[in-house]
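S.K.: Okay, here's the prediction I keep looking at, along with the sequence it came from:
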Amino acid sequence: MKFGQQLRESLLPEWKFYYVDYSGLKRFLYERSDKGYTADAESEFVKLLDGELEKVNNFQQTKSGEMKRRIEYCEQQVSLITKNNAPSDAKREQLDIIEHEIDTVISEVYELAKFTRLNFTAFIKIVKKHDKNAPFVLKPVFTVRLNSRPFFKENFDELLLELSRMYNIVRNGGVDVDQDRDPQSGNGQNFVRQTTKYWVHPDNVMELKLYILKYLPVLIYRTKGTSKPPNPAISSIYFDNESLDLYQGRIEKSEGAEAIRLRWYGDMESNEIFIERKTHHEDWTGEKSVKERFSIKEKYVNDYLAGVYTMDSKIQRLREEGKKSDQDLQDMETLSYEVQNSVREKRLCPVVRTFYNRTAFQIPGDARVRISLDTELTM
């Protein structure tokens, strides 16, 4: 399907006058090219393009501000409802009205995200057509203009977090349940999960997020003791040897195949690193595949991998502080030695690094069901 047709079929009728006039700009280019594209034609095209950019940017900013104000209004109304002494039935009825308003905002956030994506694509494509058909190069200059009207840089995840929080409050009868989770918590935990993975088309990511948050709140990863905005970044370094034995075992799903990686959450200044091992078990063994991990300070990682540093002192400190059960500490000790031995015996070294932003959905304190959506994946 050509982009012009895709744009016509995807636009929201109520907003149709605020989209890029892609067909008009394309028609202008072809008509002027047939007659001989002059400097005057170029000036006229640039003027038209700037007008379209201004129109799209202004509309996007207006709608974004409107949605933020509507979310603030919902927050105020929920606060008033939870503070009054109205009967529970009346309170539930009022919360249902707020829920309907949140549903409306969710629909419009989705449409605005799609509006942003479609118009950004339209600008990129029309400038590409211009540079192909006209004797002038516009891309470098227009890129500067586009960055001065950055409608395409809207962070919809901030709206997503607010909507999730509001939906969660309404869902819990007006009670504000904390959605924050410290990514460093749970040292030495073992995770036995059944997972199913799907690929999602980039055009459908925001729609999927907005759909899921109606049923599960966004799980916010934020280190305790910090007021920084949550950072969804997850970085991992995977280990293997020159023969890629670990990778091969995982691909073949060999019994006992393992993956060893370092992982940290948030920005590069994170001082806490997780060392993780994922072990695959076939169904016939009666065992479940498991992910095990423990945390270590960044400054000790190299010495640990070299076999110079052990986790003994940390385990002893945790034992004295009574922060972990004896079984948890035993598991941590066993895992730390086994990973260290694997690195040495299999001659493992860092082979690939991955980065992505994760949006996780889960009821706080209840890990039975979790949905994770990873985007902007790079290797």
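M.R.: Yep, that arrived. Numbers count the residues shown, from 1 in each chain.
S.K.: only C-alpha atoms for contact and neighbour calcs from this point on.
M.R.: OK.
S.K.: Buried residues, stretch 267-283. List them.
M.R.: Using 16 or more other CA atoms under 10 Å as the burial criterion, the residues of stretch 267-283 that qualify are 272-281.
S.K.: Next step: those restricted to helices.
M.R.: Within the buried residues of stretch 267-283, membership in helices is found for no residue, as judged by DSSP state H.
S.K.: Let me have the residues you listed in a markdown table, extended by distance to Y309 and pLDDT.
M.R.: Compiled in a markdown table, these are given as follows (distance: CA to CA, whole Å; pLDDT from 0 to 100):
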| residue | distance to Y309 | pLDDT |
| --- | --- | --- |
| E272 | 16 | 90 |
| I273 | 15 | 93 |
| F274 | 15 | 94 |
| I275 | 14 | 95 |
| E276 | 17 | 95 |
| R277 | 18 | 94 |
| K278 | 22 | 92 |
| T279 | 24 | 89 |
| H280 | 27 | 85 |
| H281 | 30 | 79 |
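S.K.: Which of the residues you listed fall within strands?
M.R.: Counting by DSSP state E, those place 272-279 in strands.
S.K.: Name the strands paired with the biggest strand by length in the chain and say parallel or antiparallel.
M.R.: Looking only at the chain and at elements set by DSSP E, the strand with the highest residue count is strand 349-363. For strand 349-363, the pairing partners within the sheet under DSSP bridges are strand 218-221 (antiparallel), strand 233-240 (antiparallel), strand 366-378 (antiparallel).
S.K.: tell me the most buried of those?
M.R.: Highest mean neighbour count among those (mean count of other CA atoms under 10 Å): strand 218-221, with a mean of 24.
S.K.: thinking again about what came up before, could you dump the longest strand of the chain to CSV, C-alpha only?
M.R.: What follows is strand 349-363 as a C-alpha-only set of coordinates in CSV (Å, rounded to 0.1, in the frame of the first residue of the first chain):
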residue,chain,number,x,y,z
CYS,A,349,34.0,-13.7,27.9
PRO,A,350,31.6,-10.8,26.9
VAL,A,351,30.4,-11.4,23.3
VAL,A,352,27.3,-9.2,22.9
ARG,A,353,25.5,-6.3,24.6
THR,A,354,21.9,-5.5,24.3
PHE,A,355,19.9,-2.4,25.3
TYR,A,356,16.2,-1.8,25.3
ASN,A,357,13.5,0.1,27.1
ARG,A,358,11.0,-2.0,29.0
THR,A,359,7.4,-1.3,30.0
ALA,A,360,6.3,-3.9,32.5
PHE,A,361,2.7,-4.5,33.7
GLN,A,362,2.0,-6.3,36.9
ILE,A,363,-0.1,-6.0,40.1
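S.K.: what mean pLDDT does that strand have?
M.R.: Confidence over strand 349-363, taken as the mean pLDDT, stands at 93.
S.K.: on that earlier part again, turn the strands paired with strand 349-363 into TSV, including mean pLDDT and distance to Q316.
M.R.: Putting the strands paired with strand 349-363 into TSV (pLDDT from 0 to 100; distance: least, CA to CA, whole Å) gives the following:
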stretch	mean pLDDT	distance to Q316
strand 218-221	80	28
strand 233-240	94	28
strand 366-378	90	29
